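# Show me the folded form of this:
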Amino acid sequence: MGVAVTESLRALLLRQDNDYRPITSRFEAENRHGWHEAGVTPTRPCASVVIPAYNVAYCLPAVLDALSVQTHTPEIIVVDDGSTDGTADIARRHTCVDQVICLPEHRGAATARNVGAVAASQNTVVFMDADMVIPPHVIADLAARADDAAVLLGFRHNVAHGTPLPDAPDIYEDHRVRWRPPVGTPLLYSGIVLDEPIDGWPLEHTRDLIDLGYGRTYYDWDLPRMVVTALLAVPRHAFFEVGGFDPEFGRLGWGMEDTHLGAKLIAAGLVVIPVRQAAGFHLDPPDAAALWQSKLASWPATLRHYRSLLEAPPPQRSALFTAETLRLLSRCEVNR
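Residues are numbered from 1 along each chain as shown. Next comes the predicted model:
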């Protein structure tokens, strides 16, 4: 990446705006199509979908079935993260999957995504959770709008286990769109305490994130925190340049690895653009309540790690990251 960066990641973030309008305006002029309007299929393959999968046999068939009927056919890579159920076998049997990579042991989603990104062959990597069921147009919409200078955000609509899926995902079910935080208790990310209820609209009130540049915040939200890997499109070269996901997050517990990736990409000069029509159903597991409590128990450790990384210069280790991840990939079972 050239000259070594000595400024902290936090300092670099404070200098980056998020005015992405030249990118969206160019897309609309070239395609005569609205940025937030479904449609415009890429003319050639350009996206690799990377799915980290750990004990998701309960939902993976539905996820892969939805990917098999996309209007744009992507490369699909499932990285089994040491599952002990039938996850890997389900992925191997599904005709839409191009590669099934089985890690030698459970490493966490950050490592699984790194391995999948290194194995990917396309210019755009779409990171997608293994419990996301998406409508047929979603991958096409992300691939058609992919840009070397942009991170594209999709959205999720949580659905309780065993509940029939609604006709279409409702973007307003995503906390980044409509947000009703608790009162009188420190908020998870910023630690601020609200004195009265608010009906928050983070996306709308920040002009679709344009106003979250230059280190600005919307209550408990900042621009890096908007980067969520439930459904996220990233330029593959930029992902490599910033050193991918920090695997330490997976060792510590749950959360923050996507926020940290977002911070690194923003500090490197990329803008973050929502794609409102790119929304899917996030299928809750049967033990959702217990799993959520387990995740929250590890949140303080992952948040502390993220805060410490903000005070250090961002990693500049494209070659080292690739070499380390390729070594791990060489130890994996790979089925094509």
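
# Which secondary structure state is assigned to the closest residue in space to residue 108 that isn't next to it in sequence?
Counting by CB to CB, 6 or more residues apart in numbering, residue 108 lies nearest to residue 250, which is 1.9 Å off, once chain neighbours are set aside. Quick note: C-beta positions are derived from backbone N, CA and C, even for glycine. Secondary structure, DSSP: H, G, I helix; E, B strand; the rest coil: residue 250 is helix.

# Confirm residue 234 sits in a strand?
Yes. Remark: residue 234 belongs to a strand, assigned using three-state DSSP.

# That one contacts residue 125, correct?
Yes. Counting by CB atoms under 8 Å, residue 125 is a contact partner of residue 234 at 5.3 Å.

# Residues that sit against both of these two, list them.
Counting by CB atoms under 8 Å, 6 or more residues apart in numbering, residue 234 and residue 125 have no contacts in common.

# what residues does stretch 22-35 touch?
39, 40, 144, 145, 147, 149, 150, 271, 273, 275.

# at 6 Å what do you get?
Under the contact criterion CB atoms under 6 Å, 6 or more residues apart in numbering, stretch 22-35 has outside partners 39, 40, 145, 147, 150.

# Please identify which of those residues is nearest to residue 166.
Relative to residue 166, the closest of the contacts of stretch 22-35 is residue 39; by CB to CB it sits at 21.5 Å.

# In space, what's closest to the closest one - neighbours in sequence excluded?
residue 33 (6.0 Å).

# tell me the SS of the one you found?
Three-state assignment for residue 33 (three-state DSSP): coil.

# Could you measure from it over to residue 274?
Look at residue 33 and residue 274: by CB to CB, to the nearest Å, they are 16 Å apart.

# Looking at the two, which is more packed in?
residue 274 (22 against 16; other CB atoms under 10 Å).

# what's the burial count for the residue nearest to that one when sequence neighbours are not counted?
Once flanking residues are discounted, residue 274 sits nearest to residue 153: 4.7 Å by CB to CB, 6+ apart. By other CB under 10 Å, 25 other residues sit near residue 153.

# hmm, back to that, now the residue nearest to residue 39. Its backbone dihedrals?
Dihedral angles of residue 33 (phi, psi; degrees, to the nearest 10) stand at phi -150, psi 140.

# All further residue positions should be reported with the first residue as 55.
Got it, the first residue is 55 from now on, which makes the last one we talked about residue 87.

# State the pLDDT value of it.
Looking at residue 87, its pLDDT is 94.

# circling back: shouldn't the residue nearest to residue 162 be in contact with residue 167?
No. Counting by CB atoms under 6 Å, residue 304 stays clear of residue 167, with 9.6 Å between them.

# Name the residue in the two with the higher neighbour count.
A direct count of neighbours by other CB under 10 Å for residue 304 and residue 167 places residue 167 higher, at 30 against 22.

# Name the nearest of the contacts of stretch 76-89 relative to residue 237.
Closest to residue 237, out of all of the contacts of stretch 76-89 and judged by CB to CB, is residue 204, at 35.7 Å.

# Nothing else from me, thank you.
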